[in-house]
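[1] From the sequence below, what's the structure:
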Amino acid sequence: MFEYRKATFADVDEIHELIAGYASKGVMLPKPHSTLYETLREFVVAEEVASKKIVGVGALHLTWNELAEVRSMAVHEDFSRKGIGSAIVKRLLAEGRAVGVKKFFTLTYRPEFFKSLGFELTTKESLPHKIWKECIECPKFPNCDEIALTLESD
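    Now for the predicted structure:
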């Protein structure tokens, strides 16, 4: 059984470890502790109730007028295929809709996961230039190989 909740300072090390595991395999971009602390309020975590271990994480980053990015999605490999990632994304979408987000996007190496949740492939060039301000610090800039997807809000 899993509890889904907003992240707290006590979760940062576990979030970092979860993201770093995928980043080391090249399937996710790394997030330093400093960034996790600065953006902590964006994160939702899935915690296994029995062990109190963080087994999934995702963030919603508001980027522009009525536009938000679903990012930093990671589920511990031992808990994959249990609906944790989908549950986190659905919570993030609900949070976004509650503040008026009309369009969500994601940049990912796992497009099939997001397609299963209603996201559609798009080009990175179709996204507003405003979203690229953080890309300058990315180790893959300017040769981004992530795949862009969008979802129009209901």
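
[2] Show me the shaky parts of the protein.
    Along the chain, segments meeting pLDDT under 70 span 129-143.

[3] residue ranges of the strands in this structure, please?
    Under the criterion DSSP state E, the chain contains strands at 2-6, 43-48, 53-64, 67-75, 103-108, 120-121, 147-152.

[4] which residues touch residue 149?
    Going by Cβ atoms under 8 Å, 6 or more residues apart in numbering, residue 149 touches 105, 106, 108, 111, 114, 115, 119, 120, 121, 122. (Each C-beta comes from the backbone N, C-alpha and C, glycine too.)

[5] Tabulate those (TSV), appending distance to residue 40 and neighbour count.
    Listed next are the contacts of residue 149 as TSV, based on distance: Cβ to Cβ, whole Å; neighbours: other Cβ atoms under 10 Å:
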residue	distance to residue 40	neighbour count
105	21	24
106	20	24
108	22	19
111	27	17
114	23	24
115	29	13
119	25	21
120	30	12
121	31	11
122	29	14
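
[6] could those residues be laid out in JSON lines, adding distance to residue 57?
    Shown next, in JSON lines, are these (distance: Cβ to Cβ, whole Å):
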{"residue": "105", "distance to residue 57": "18"}
{"residue": "106", "distance to residue 57": "14"}
{"residue": "108", "distance to residue 57": "14"}
{"residue": "111", "distance to residue 57": "19"}
{"residue": "114", "distance to residue 57": "16"}
{"residue": "115", "distance to residue 57": "21"}
{"residue": "119", "distance to residue 57": "18"}
{"residue": "120", "distance to residue 57": "24"}
{"residue": "121", "distance to residue 57": "24"}
{"residue": "122", "distance to residue 57": "24"}
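
[7] before we move on, back to that, make TSV from the strands of the chain and add distance to residue 13 to it.
    Converted to TSV, the strands of the chain look like this (distance: least, Cβ to Cβ, whole Å):
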stretch	distance to residue 13
strand 2-6	17
strand 43-48	12
strand 53-64	9
strand 67-75	14
strand 103-108	24
strand 120-121	35
strand 147-152	29
